[in-house]
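Q: next comes the sequence, and after it the predicted model I'd like to discuss.
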Amino acid sequence: MEKFFEKNMNPNHQSLKIVERLEKEELPRFSFLKDLKAKFSTFSGSAKEGKEPEIYLVGGAVRDLLLDRKIEDYDFLIRKVKKEDLEVFLKEKGAVNFVGRAFGIFKFIPKGPQLKEAIDIALPRQDFSLLTGSRHDFKIKTDPELPIEEDLKRRDFTINALAIELEPPFKLIDIVQGKKDLEKGLIRAVGAPRERFKEDCSRILRAIRFACQFDFKIEEETFKELKNQVKNLNRIRREVVFERERKFFLPGMVEYRIVPYEIIAKEMLRSFYYDPLKTIEFYEQSGIFKELMPEVLKMKGCPQPQKYHSEGDVWTHSLMAVKNLYSPEFKKEFGEERPSSELILATFFHDIGKPYVIKTPEKDKTERIRFDGHDEIGAELSKEIAERLKLSSPKDYGVDSKRLAWLVRNHMIFVNRDIEKIRARTIEKYFFHHYFKGEDLLKLGYADIMASIPLGGKSDFTNFYKMKQRIEEIKKLSASKKEAPSPLLTGDEIMEKFSLEAGSLIGRLLSLLREEQLSKRVKTGEEAYNFLKEFLAKKEKNRQ
């Protein structure tokens with residue numbers, strides 16, 4: 001843990017480093033807070049009595065500040081100001097989104113150039129859960145006079161139940177020892193874990209996401225209850241509702257998921273992005289895979305031919321491949337850019353089809369263990385998982401199910417292929433597509449090969465580097481040396497030059513010409529014209 005925990009750090013004071021950051025970096029960005037303080041203060045002159053607003057930085061923002069991390073989301077809590085008055089004030093100072101107004105929360109963007117994303121401005125509140133497990137089944141009571149300590153009691157984990165009063169000496173409010181858990185690297189539920197998870201089952205995934213994001217452990221009792229509650233991730237709630245039709249109220253049954261797939265997708269993808277191996281370990285140990293993604297568990301214990309996979313079963317091989325995405329060798333080959341969510345999942349899923357198609361000498365009389373067609377089956381399974389869990393739903397980091405399936409389907413392109421004989425047009429199709437990501441296919445191939453360890457030997461990258469050389473040869477044909485070259489002739493130009501009508505022939509001519517261009521046999525527009533002229537002449541002669 002950072003040294004600033006050791007300097008002048010007690011429940012009532014922050015370290016000098018944190019105070020300096022608040023005063024010099026954070027608070028100057030929120031000048032409206034000063035105006036709020038001045039507007040609602042009832043002290044005047046030498047009066048000894050009066051009321052002054054209390055402003056706190058709360059939750060994850062305090063956690064990130066204590067961890068010396070960039071603050072991702074700013075949450076402010078305002079005491080001793082009525083909701084109606086706060087609403088009027090915020091309207092004067094910037095743009096207000098009233099989505100959370102019923103919960104005493106305002107999404108607010110202050111005027112000025114410094115902030116472009118909304119911050120949360122909230123009143124103290126108490127939550128009264130209906131204990132359905134749904135994050136929406138709460139009764140909310142806001143109270144501007146509610147002590148800050150009461151507001152913090154309702155929060156999920158101790159590292160998020162922290163507040164700093166934004167007035168020197170910047171008092172830290174920590175009633176659940178959240179700072180100590182930060183120092184220990186622990187995710188611990190506030191109060192009784194059973195109650196916290198029963199209030200909102202999505203906290204199961206959220207706890208794991210925090211553990212992966214900060215490289216923390218989950219406290220023993222919290223993890224024990226997390227495992228007990230995992231079964232609720234797929235729970236469906238049914239309610240009788242009444243709908244008005246004409247002059248009558250007609251009852252109807254409504255079903256909804258306790259934890260919507262959109263929330264599952266958001267938490268799952270963030271966990272995989274921060275630390276995929278830790279996510280896989282948590283999801284396996286807790287039973288989350290069994291509930292949400294049982295297909296992957298079939299890889300456990302699925303044997304592979306030792307001659308090609310001395311590293312172990314399909315599960316072991318897949319985890320090794322994921323680990324390889326972060327290896328020094330991988331970074332040397334591809335750079336320091338963090339793997340995308342699609343690449344991480346494609347690497348984990350690339351052999352998911354093997355248990356479904358396995359053939360063995362004992363059972364099927366094959367010469368060795370075989371997995372014919374596992375790439376196609378794996379692509380279908382990957383697509384089905386992504387669509388079932390709505391992994392495309394997060395706006396900024398969602399996974400495209402088609403691209404995910406494409407990567408899994410084509411990961412075998414580096415295996416058992418005579419790379420030199422693959423058509424240049426085929427290389428372009430796989431590695432220069434405008435929609436599918438050829439660079440991710442290269443990365444997946446590298447991680448897969450690195451995790452495939454022949455008996456008594458090393459991973460064989462021969463085909464990988466042959467493929468990479470073919471790709472580089474195509475790139476050299478472009479002006480930028482980074483992409484495939486532009487076509488020498490367009491379909492319209494071919495139709496005009498040879499007086500042809502639109503149809504399948506034009507597509508064939510374009511494909512033939514593209515192969516000649518990428519193979520460096522045709523280099524100019526004139527050579528392209530002569531090539532097509534000769535081809536059409538031969539075609540006409542053969543027709544006669």
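A: Yep, that arrived.
Q: return the set of buried residues in stretch 412-429.
A: Buried residues in stretch 412-429, counted by 16 or more other Cβ atoms under 10 Å: 412-414, 419, 424-425, 427-428. Where C-beta positions appear, they are placed from N, C-alpha and C, glycine not excepted.
Q: just those: which are in helices?
A: 424-425, 427-428 (DSSP state H).
Q: mind exporting the C-alpha coordinates of stretch 466-477 to CSV?
A: Taking C-alpha atoms only, stretch 466-477 is exported to CSV below (Å, rounded to 0.1, in the frame of the first residue of the first chain):
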residue,chain,number,x,y,z
LYS,A,466,5.0,-17.2,-42.3
MET,A,467,1.5,-15.7,-42.0
LYS,A,468,2.8,-12.5,-40.5
GLN,A,469,5.3,-12.2,-43.4
ARG,A,470,2.4,-12.6,-45.9
ILE,A,471,0.5,-9.9,-44.2
GLU,A,472,3.6,-7.5,-44.2
GLU,A,473,4.1,-8.1,-47.9
ILE,A,474,0.5,-6.9,-48.6
LYS,A,475,1.0,-3.9,-46.4
LYS,A,476,4.1,-2.9,-48.3
LEU,A,477,2.0,-2.4,-51.4
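Q: roughly how far is it from the heart of the chain?
A: 31 Å (Cα atoms, centre = their mean, to the nearest Å).
Q: what's in contact with that stretch?
A: 413-414, 419-420, 422, 424, 427-428, 431-432, 438, 442, 445, 481-485, 517-518, 520 (Cβ atoms under 8 Å, 6 or more residues apart in numbering).
Q: ok, now stretch 269-279?
A: Stretch 269-279 has contacts (Cβ under 8 Å, 6+ apart) with 205, 208-209, 211-213, 215, 268, 282, 319, 322-323, 325, 338, 341, 344-345, 348, 391, 394, 397-399.
Q: confidence score at residue 307?
A: We have a pLDDT of 92 for residue 307.
Q: wait, a helix at it?
A: No. Using DSSP: H, G, I helix; E, B strand; the rest coil, the assignment for residue 307 is coil, not a helix.
Q: excluding sequence neighbours, find me the nearest residue to it.
A: Nearest-residue entry for residue 307: residue 455, 5.3 Å, with adjacent residues in sequence omitted and distances by Cβ to Cβ, 6 or more residues apart in numbering.
Q: what residues does the one you found make contact with?
A: Going by Cβ under 8 Å, 6+ apart, the list of residues near residue 455 reads 306-308, 310.
Q: can you give me the pLDDT of it?
A: Listed pLDDT for residue 455 reads 92.
Q: could you measure it against residue 310, distance?
A: As judged by Cβ to Cβ, to the nearest Å, residue 455 and residue 310 stand 5 Å apart.
Q: swap in residue 319?
A: To residue 310, residue 319 is 15 Å away according to Cβ to Cβ.
Q: who has more neighbours out of those two?
A: Neighbour totals were compared for residue 319 and residue 310, and residue 319 leads with 21 against 14 (other Cβ atoms under 10 Å).
Q: residue 382 reaches residue 402, doesn't it?
A: No. At 10.1 Å, residue 382 does not count as touching residue 402 under the criterion of Cβ atoms under 8 Å.
Q: and this protein, what are its domains?
A: 3-184, 192-292, 306-475, 491-543 (automatic domain parsing).
Q: quick one: these as CSV, columns for distance to residue 299 too.
A: Below are those laid out as CSV (distance: least, Cβ to Cβ, whole Å):
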stretch, distance to residue 299
domain 3-184, 30
domain 192-292, 10
domain 306-475, 4
domain 491-543, 38
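Q: quick one, which of the ones you listed is nearest to residue 300?
A: Each of these has some distance to residue 300 by Cβ to Cβ; the shortest is domain 306-475, at 4.3 Å.
Q: what's around residue 447, how many residues?
A: Residue 447, neighbours per other Cβ under 10 Å, totals 30.
Q: tell me the SS of residue 57?
A: Residue 57 ends up strand, using three-state DSSP.
Q: beta partners for it?
A: Residues in a beta bridge with residue 57, per DSSP bridges, are residue 76, residue 164.
Q: which residues touch it?
A: If a contact means Cβ under 8 Å, 6+ apart, then residue 57 has 26, 65, 74-76, 163-164, 166 as its contacts.
Q: and the two most separated of those residues?
A: Taking Cβ to Cβ, the two most distant members of these are 26 and 163; they sit 14.3 Å apart.
Q: okay, those two: which has more neighbours?
A: residue 163 (26 against 17).
Q: pretty sure that one is touching residue 175, no?
A: No. Using Cβ under 8 Å, residue 163 is not in contact with residue 175; the gap is 9.3 Å.
Q: which neighbours do these two have in common?
A: Counting by Cβ under 8 Å, 6+ apart, the shared contacts of residue 163 and residue 175 are residue 152.
Q: residues in contact with the longest helix belonging to the chain?
A: Criterion DSSP H: the longest helix present in the chain is helix 525-543. Contact partners of helix 525-543, identified using Cβ under 8 Å, 6+ apart, comprise 488-489, 494, 497-498, 509, 512-513, 516-517, 522.
Q: let me have those in a markdown table, extended by pLDDT and distance to residue 386.
A: What follows is the contacts of helix 525-543, written out as a markdown table (pLDDT from 0 to 100; distance: Cβ to Cβ, whole Å):
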| residue | pLDDT | distance to residue 386 |
| --- | --- | --- |
| 488 | 95 | 39 |
| 489 | 94 | 39 |
| 494 | 95 | 39 |
| 497 | 92 | 45 |
| 498 | 93 | 45 |
| 509 | 95 | 38 |
| 512 | 96 | 37 |
| 513 | 96 | 37 |
| 516 | 95 | 38 |
| 517 | 95 | 36 |
| 522 | 95 | 41 |
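Q: just the buried residues from the residues you listed, in PyMOL please.
A: To isolate the buried members of the contacts of helix 525-543 in PyMOL, using 16+ other Cβ under 10 Å:
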select buried, resi 488+489+494+509+513+516+517+522
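Q: farthest-apart pair in the contacts of helix 525-543, please.
A: Using Cβ to Cβ, the pair of these lying farthest apart is 498 and 517, separated by 17.5 Å.
Q: rewinding a little: list the buried residues of the longest helix of the chain.
A: Applying a neighbour-count criterion of 16+ other Cβ under 10 Å, one finds 528-529, 531-532 buried in helix 525-543.
Q: on that earlier part again, from the contacts of stretch 269-279, which would you call buried?
A: When these are checked for burial by 16+ other Cβ under 10 Å, the buried set is 205, 208-209, 211-213, 268, 282, 319, 322-323, 325, 341, 344-345, 348, 391, 394, 398-399.
Q: so residue 141, which of the three states?
A: Classified using three-state DSSP, residue 141 is strand.
Q: burial count for it?
A: 12.
Q: now it: how far from residue 123?
A: In terms of Cβ to Cβ, residue 141 sits 10 Å off from residue 123.
Q: now swap in residue 501 and tell me
A: 71 Å.
Q: tell me which of these two has more neighbours.
A: Remark: of residue 501 and residue 123, residue 123 carries more neighbours, 23 against 7, as counted by other Cβ under 10 Å.
Q: hang on, the more buried one packs against residue 148?
A: No. Applying Cβ under 8 Å as the test, residue 123 and residue 148 come out as separate, 11.2 Å apart.
Q: what is in contact with those two at once?
A: Residues within reach of residue 123 and of residue 148 at once, by Cβ under 8 Å, 6+ apart, are 77, 79.
Q: distance check, residue 328 against residue 402.
A: 32 Å.
Q: same drill for the two, tell me which one is more crowded.
A: Between residue 328 and residue 402, residue 402 has the larger neighbour count (other Cβ under 10 Å), namely 15 against 7.
Q: residues in contact with the more buried one?
A: Going by Cβ under 8 Å, 6+ apart, residue 402 touches residue 383.
Q: how far off centre is the host helix or strand of it?
A: If you go by DSSP states H and E, residue 402 is part of helix 401-409. In terms of Cα atoms, centre = their mean, the centre of helix 401-409 is set 16 Å apart from its chain centre.
Q: so which bits of that helix are buried?
A: For helix 401-409, burial by neighbour count (16+ other Cβ under 10 Å) applies to 401, 403-409.
Q: same check on stretch 189-201?
A: Neighbour counts over stretch 189-201 (16+ other Cβ under 10 Å) mark 189-190, 193, 196-201 as buried.
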